[in-house]
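K.L.:
Sequence plus the predicted model coming up.
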Amino acid sequence: MSPVVISPFTFRNLLIYVCVALVLGAFIAYVFFQARFLIAGPQISLSTAATGLQTQRRVVLEGEAQNIVRITLNGRQIYTDKDGNFKEALVLENGYTIATLQAEDRYGRTTSLTKTFVFAQEEEENAGTES
């Protein structure tokens, strides 16, 4: 039996194919890595932990929005800084109030975040005494 000999030409072609496959694989991985924010769509997160039961009529909603071209609070456009942070005041109605943040990206995809509040006025200290 004679030993198996791989000719240099075949080994060279195999090496070229492996290198091309590695470069192509790295390129595809890089494209998906850079496109991850476009694929994920718009994102909203609130950083303030405002509770549902409020005794103050004014609540400040503060957070961050990523991958957006437009953000609204209850249908009214609000604005972000260059890092995507926003801070907006909301005046609560008597009783139950729903705050809806809605964000849209450049492809028309939307996401929304809803937070509910109940406004309960503090009673005056003297309101419980009879005259």
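P.N.:
Looks like it arrived, so ask away.

K.L.:
Contacts for the least confident helix or strand in the chain by mean pLDDT, please.
P.N.:
In the chain, the helix or strand scored least confidently by mean pLDDT, DSSP states H and E is helix 36-40, which has a mean of 79. Residues outside helix 36-40 that contact it (C-beta atoms under 8 Å, 6 or more residues apart in numbering): 32, 66-67, 105, 107. C-betas here are computed from N, CA, C, even on glycine.

K.L.:
Quick check: next helix or strand after that helix?
P.N.:
strand 43-46 (DSSP states H and E).

K.L.:
and the host helix or strand of residue 13, what other elements does it pack with?
P.N.:
Using DSSP H and E, residue 13 sits within helix 8-34. Here helix 8-34 touches no other helix or strand, going by 3 or more C-beta pairs under 8 Å, 6 or more residues apart in numbering; DSSP states H and E.

K.L.:
returning to what we had before: switch the contacts of helix 36-40 over to JSON lines; also include distance to residue 51, secondary structure and pLDDT.
P.N.:
JSON lines is the format used below for the contacts of helix 36-40 (distance: C-beta to C-beta, whole Å; DSSP: H, G, I helix; E, B strand; the rest coil; pLDDT from 0 to 100):
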{"residue": "32", "distance to residue 51": "40", "secondary structure": "helix", "pLDDT": "89"}
{"residue": "66", "distance to residue 51": "25", "secondary structure": "strand", "pLDDT": "91"}
{"residue": "67", "distance to residue 51": "29", "secondary structure": "coil", "pLDDT": "90"}
{"residue": "105", "distance to residue 51": "30", "secondary structure": "coil", "pLDDT": "90"}
{"residue": "107", "distance to residue 51": "35", "secondary structure": "coil", "pLDDT": "88"}
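
K.L.:
coming back round to it: what are the buried residues along the helix holding residue 13?
P.N.:
Within helix 8-34, no residue is scored as buried using 16 or more other C-beta atoms under 10 Å.

K.L.:
How about the one residue sitting closest to the centre of the chain: what's its closest non-neighbour residue?
P.N.:
By C-alpha atoms, centre = their mean, the chain has its centre lying nearest to residue 43, at 1.8 Å. In this structure, residue 43 finds its nearest non-sequential neighbour in residue 66, 4.5 Å apart by C-beta to C-beta, 6 or more residues apart in numbering.
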